[in-house]
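Colleague: mind looking at a prediction? Sequence and model below.
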Amino acid sequence: MNCGDNLYIWQAPDWPRWRYDLAALAEPMAQVSRAQGLLLGRLADVGLGLRDEASLAALTDDVLKTSEIEGEQLNVASVRSSIARRLGVDIGSLAPVDRHVEGVVEMVLDATTQHARPLTPERLLAWHAALFPTGYSALTRIITGGWRDDAHGPMQVVSGALRRPRVHFEAPPADRLSAELRAFLSWLNDPAPSDPALIRAGLGHLWFVTLHPFDDGNGRIARAVGDLLLARTDDSPQRFYSLSAQIQRERKSYYDILEHTQKGSMDVTAWLRWFLDMLSQALARAHGELDAVLFKARFWRDLQGTALNERQVKVLNRLLDGFEGKLTNRRWAALAHCSADTALRDMRDLVELGILQKTAAGGRSTSYELKPS
């Protein structure tokens with residue numbers, strides 16, 4: 001496999017003794033810490049309800065994007081409803097339950113809201129079982145809620161044509177997993193760790209995804225492990241920023257830096273610098289998300305006493321929550337579950353109230369948007 005030379009990081013003689021240049025990472029860590037403090041400071045000045053809204057937005061983004069990284073598209077309304085139901089946040093009508101959505105939500109919330117609990121093999125296996133409730137990944141039967149056994153060959157991350165696949169990474173043999181996981185979990189649950197907290201989040205993510213202990217779902221669970229360690233850093237069960245969403249935006253560089261690191265030495269400074277940069281960008285975007293939450297609160301406060309029907313409230317909330325695409329008559333009818341004529345009356349009423357306005361395009365392309373306040 002490796003022609004006598006170390007090919008993967010787990011084959012290094014000093015595995016898993018991580019090395020990094022702390023001096024080179026000092027400024028990126030300080031930048032992330034400042035951004036965390038600024039965000040938490042802003043959140044301290046808003047009410048509990050708005051904090052819950054901000055957390056709901058961040059967690060929804062996290063669940064959606066950690067799945068998108070693996071090429072799986074989840075229904076936004078189902079994800080938001082599932083999280084809101086568990087957090088006790090009132091968002092009006094709830095979307096139907098989707099068992100695939102429920103599994104990802106359960107894992108992400110368990111990792112973050114229960115971050116202080118030790119991470120155990122049983123907990124990891126429960127996360128995996130929640131991700132694959134049918135026992136299948138797409139059309140392939142997998143070991144669900146259990147470690148991989150390599151019965152069909154080594155665990156490899158590949159791309160390209162089936163006849164000539166490119167191997168990006170090969171994980172440690174299955175017969176090493178028991179010892180490897182014991183070492184990993186002992187490190188993760190250490191009550192007096194020697195590594196800085198932010199560094200531990202980056203190392204935990206990298207370490208788990210390198211072990212690749214499951215048939216599928218390793219990336220999502222590795223990001224949940226990172227989220228758990230970040231929640232310990234913040235010492236808060238509420239999440240107000242999404243690292244997974246930032247990783248999804250930088251998906252190619254994510255896989256590139258992983259491959260480079262997993263084929264390198266035990267010096268993982270480059271990976272940690274990339275990880276901290278993603279954290280910094282995620283925190284910067286969280287301020288924009290908080291601005292949106294505050295705008296929504298002001299929007300409804302200004303409309304107090306305005307007579308709106310249930311359909312109008314529902315669709316306006318969808319717009320305020322980041323509706324994608326054009327709001328046409330047909331889209332309104334689909335969102336509100338009403339006829340096209342009813343949708344047109346609803347929108348015209350809102351235009352007369354000064355809440356909506358037509359976009360520049362007209363005719364058959366007529367669409368509407370929120371009128372700037």
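Modeller: Nice, I can see it. Bear in mind the structure is a predicted one, so any value in this text is a computation, not a measurement.
Colleague: the helix or strand bottoming out on mean pLDDT in the chain packs against which elements?
Modeller: Here the helix or strand of the chain ranked lowest by mean pLDDT, DSSP states H and E is strand 156-159, holding a mean of 85. Using 3 or more Cβ pairs under 8 Å, 6 or more residues apart in numbering; DSSP states H and E, the elements in contact with strand 156-159 are strand 166-170. Any C-beta I mention is one placed from the backbone N, CA and C, and that applies to glycine too.
Colleague: which is the succeeding secondary structure element to the strand it packs on?
Modeller: Next along the chain after strand 166-170, taking DSSP states H and E as the criterion, comes helix 177-188.
Colleague: follow-up on the earlier one: tell me the buried residues in the least confident helix or strand of the chain?
Modeller: Neighbour counts using 16 or more other Cβ atoms under 10 Å place Val157 of strand 156-159 among the buried residues.
Colleague: hmm, who's touching that strand?
Modeller: Strand 156-159 is contacted from outside by 165-171, 212, using Cβ atoms under 8 Å, 6 or more residues apart in numbering.
Colleague: what is the neighbour count of Gly322?
Modeller: By other Cβ atoms under 10 Å, the residues close to Gly322 number 12.
Colleague: correct me if wrong: it contacts Ala292.
Modeller: Yes: at 7.2 Å, Gly322 counts as touching Ala292 under the criterion of Cβ atoms under 8 Å.
Colleague: about what we covered before: ok, of the contacts of strand 156-159, which one's closest to Met107?
Modeller: Nearest to Met107 among the contacts of strand 156-159: His212, at 16.9 Å, using Cβ to Cβ.
Colleague: re earlier: please check the contacts of strand 156-159 and keep the buried ones.
Modeller: Among these, those buried by neighbour count (16+ other Cβ under 10 Å) are 168-171, 212.
Colleague: pLDDT weak spots in this structure?
Modeller: For the chain, the stretches with pLDDT under 70 are 1-6, 93, 161-162, 361-365.
Colleague: mind doing that once more with 50?
Modeller: Across the chain, the ranges flagged by pLDDT under 50 are 1-4.
Colleague: just the closest of the contacts of strand 156-159 to Glu250, please.
Modeller: Of the contacts of strand 156-159, the one sitting nearest to Glu250 (Cβ to Cβ) turns out to be His168, at 16.9 Å.
Colleague: from Asp277, how far off is that closest one?
Modeller: 22 Å (Cβ to Cβ, to the nearest Å).
Colleague: which strands or helices does whichever strand or helix holds Leu56 pack on?
Modeller: According to DSSP H and E, Leu56 maps onto helix 48-68. With contacts taken as 3+ Cβ pairs under 8 Å, 6+ apart, helix 48-68 sits against helix 76-87, helix 99-113, helix 218-234, helix 243-249, helix 269-302.
Colleague: among the ones you listed, which comes closest to His152?
Modeller: Here helix 218-234 is closest among the helices and strands packed on helix 48-68 (Cβ to Cβ), at 16.1 Å.
Colleague: just the CA atoms of the closest one, as PDB, please.
Modeller: Extracted C-alpha coordinates of helix 218-234, given in PDB (Å, rounded to 0.1, in the frame of the first residue of the first chain):
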ATOM      1  CA  ASN A 218     -17.800  10.300   9.200                       C
ATOM      2  CA  GLY A 219     -17.600  13.900   7.900                       C
ATOM      3  CA  ARG A 220     -20.900  14.900   9.600                       C
ATOM      4  CA  ILE A 221     -20.000  13.200  12.800                       C
ATOM      5  CA  ALA A 222     -16.500  14.800  12.700                       C
ATOM      6  CA  ARG A 223     -18.100  18.200  12.400                       C
ATOM      7  CA  ALA A 224     -20.400  17.400  15.300                       C
ATOM      8  CA  VAL A 225     -17.300  16.500  17.400                       C
ATOM      9  CA  GLY A 226     -15.800  19.900  16.500                       C
ATOM     10  CA  ASP A 227     -19.100  21.600  17.400                       C
ATOM     11  CA  LEU A 228     -19.100  19.900  20.700                       C
ATOM     12  CA  LEU A 229     -15.600  21.100  21.500                       C
ATOM     13  CA  LEU A 230     -16.500  24.600  20.300                       C
ATOM     14  CA  ALA A 231     -19.500  24.600  22.600                       C
ATOM     15  CA  ARG A 232     -17.200  23.700  25.500                       C
ATOM     16  CA  THR A 233     -15.000  26.600  24.400                       C
ATOM     17  CA  ASP A 234     -18.000  29.000  24.600                       C
END
